[in-house]
Structure formats: C-alpha cells, structure tokens
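Novice: output the structure for:
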Amino acid sequence: QVQLVESGGGSVQAGGSLRLSCAASGRSFSIWNMGWFRQAPGKEREFVAAISQSGDTTLYADSVKGRSTISRDNAKNTVWLQMDSLAPEDTAVYFCAARRFGVTTARYMYEYWGQGTQVTVSS
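Specialist: Below is the predicted model of the structure:
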C-alpha cells in the first residue's frame, strides 16, 4: 500500500510553468510505477505522463509531450511533473497514481491515487 499527496498546483498565466510534486509514504517507493493524470470540469480523467520504477522509461500524452517532464527520486519518495508553456486547456485537477507492475497510460490500471492538486491557467 502507498499513500500519495500532491502539491505544487496553483494559478498561472498562459506561457508560465509549474512543478507538481507527489510525495509517497508507505511501502517502498521504488517498487511503484508512477503516473500523472488530470481531470478538467465535465471531462474524464486523462493520462498526462508516467514513469517506471527506476525512471528509465517515461511516457507522455501527445498534448503535453515536449513541454512536460516527469521525474522521480526514489530516495526522496517523490515524483515530479514539470510543466512549461502552460495553456488554458491545461487547467484541471492533477492527480498522481501508483501501479505495482508495469508502466502504462491506462487510468484503470493504477491502484492508488492521491487527492489531486488544482492547476488553473489564465489567458
């Protein structure tokens, strides 16, 4: 089992940057593949980025590829999502999630979720 707490959300203007953090507690962090998802009002939760247990494999949604970076530090039990060139369509609640076996973009395959952090991008 793992507990996840996101932070780093906020309000920024278009073109700005944010760095989201997800702190994990519980069972050894290095066994978890981690993902970031987001959910805008009235929309389904969608995949943003994922990283494997060791960090050697990363996946990105096309919508954020090239302007976002997912990273992790297993010694600090933390995964980050650096987002640059933010646009109003990036406005959403961002969630981190953990999965034991395999890195994937599939939302339903993640076992544990945080409560989310709000990101608002104004034009």
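Novice: which residue is the nearest non-sequential neighbour of the residue nearest the centre of the chain?
Specialist: Nearest to the geometric centre of the chain sits residue 36, at 2.4 Å (CA atoms, centre = their mean). The shortest distance from residue 36 to any non-neighbouring residue, by CB to CB, 6 or more residues apart in numbering, is to residue 48 (4.3 Å). The way it works is simple: take the backbone N, C-alpha and C, and place the C-beta from them, glycine included.
Novice: now the one you found: which helix or strand?
Specialist: strand 46-51 (DSSP states H and E).
Novice: tell me which helix or strand the residue nearest to the centre of the chain sits in.
Specialist: According to DSSP H and E, residue 36 maps onto strand 33-39.
Novice: partner strands of that strand and their direction?
Specialist: Here strand 33-39 is paired, per DSSP bridges, with strand 46-51 (antiparallel), strand 92-99 (antiparallel).
Novice: can you give me the buried ones in it?
Specialist: Going by neighbour count (16 or more other CB atoms under 10 Å), the buried part of strand 33-39 is 33-38.
Novice: how far off centre is the very next helix or strand once past the strand holding residue 48?
Specialist: Beyond strand 46-51 on the C-terminal side, the first helix or strand identified by DSSP H and E is strand 58-60. Computed by CA atoms, centre = their mean, to the nearest Å, the chain-centroid distance of strand 58-60 equals 11 Å.
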